[in-house]
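# Fold the following for me, if possible:
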Amino acid sequence: MQEMKSRVLGDTHIVFSGVVPLGVNIHTYDTVTWAKSFGATVTENITKKTTHVIASPERRTAKVRQAAKKGGRISI
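Sure, this is the predicted structure:
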């Protein structure tokens, strides 16, 4: 079952923006750990592999603006 779970988000590359409090290690944050347990790759910055940006709906962060410029390649 664990192997199946780890494939759910296997091809997903996520960047969190405005969701993880400043000063908190992103890789130990609960939501990030949960995403990784489903197979997602989580990075701190947008890369060529980024597929999703998870952001606070009321904040238009620099990462959200950067993802929006990618012409729909990155889901926000």
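# And the most centrally placed residue in the chain, how close does it get to residue 1?
With distances taken as C-alpha atoms, centre = their mean, residue 14 lies nearest the centre of the chain, 2.4 Å away. Separation of residue 14 from residue 1 (C-beta to C-beta, to the nearest Å) stands at 22 Å. For the C-beta atoms, the positions are set from N, CA and C on the backbone; glycine is no exception.
# now do residue 76
Counting by C-beta to C-beta, the gap from residue 76 to residue 1 is 31 Å.
# Next: residue 64.
Taking C-beta to C-beta as the measure, residue 64 falls 35 Å from residue 1.
# Those two: which has the busier surroundings?
residue 64 (20 against 5; other C-beta atoms under 10 Å).
# ok, for that one, nearest residue in space, not its chain neighbours?
Of all residues not flanking residue 64 in the chain, residue 55 sits nearest, at 4.9 Å (C-beta to C-beta, 6 or more residues apart in numbering).
# Please work out how many residues are found near the one you found.
If we define neighbours as other C-beta under 10 Å, then residue 55 has 18 of them.
# Show the contacting residues for the residue nearest to the centre of the chain.
By C-beta atoms under 8 Å, 6 or more residues apart in numbering, residue 14 lies in contact with 35, 40-43, 50-54.
# Please consider this matter closed, and thank you.
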